[in-house]
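S.K.: quick one, fold the following:
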Amino acid sequence: MIDQALNKAFQVDLAHSEEKNIPYTVRKKRQEFFKHKSQKSGKIITD
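M.R.: Numbers count the residues shown, from 1 in each chain. Predicted structure coming up:
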């Protein structure tokens with residue numbers, strides 16, 4: 001059920017919901033985590 005809702009949701013709506021419902025510091029840490037995480041190996045990539 002949740003998968004269907006996320007599949008139908010627009011990216012803009014999800015981003016807006018994230019900004020509204022997740023505190024700023026938590027959101028920034030989360031974004032940094034996903035920005036530096038390798039999706040192939042699951043390891044963190046350092047620049």
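
S.K.: so where's this protein uncertain?
M.R.: 37-47 (pLDDT under 70).

S.K.: point to the residue nearest the middle of the chain.
M.R.: residue 31 (6.1 Å; CA atoms, centre = their mean).

S.K.: so where does that residue fall, helix or strand?
M.R.: When elements are assigned from DSSP states H and E, residue 31 belongs to helix 24-36.

S.K.: what does residue 15 give?
M.R.: Using DSSP H and E, residue 15 falls in helix 11-21.

S.K.: now the angle between helix 24-36 and that helix, please.
M.R.: Relative orientation of helix 11-21 versus helix 24-36 (axes from the mean of the first three to the mean of the last three CA atoms, to 10 degrees): 140 degrees.

S.K.: contacting residues around helix 11-21?
M.R.: Helix 11-21 has contacts (CB atoms under 8 Å, 6 or more residues apart in numbering) with 6, 27. All C-beta spots, glycine's among them, are computed from the backbone N, C-alpha and C.

S.K.: and with 10 Å instead?
M.R.: Helix 11-21 has contacts (CB atoms under 10 Å, 6 or more residues apart in numbering) with 6, 9, 10, 27, 30, 31.

S.K.: can I get those residues in CSV with distance to residue 17?
M.R.: Below are those laid out as CSV (distance: CB to CB, whole Å):
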residue, distance to residue 17
6, 11
9, 8
10, 10
27, 11
30, 13
31, 14
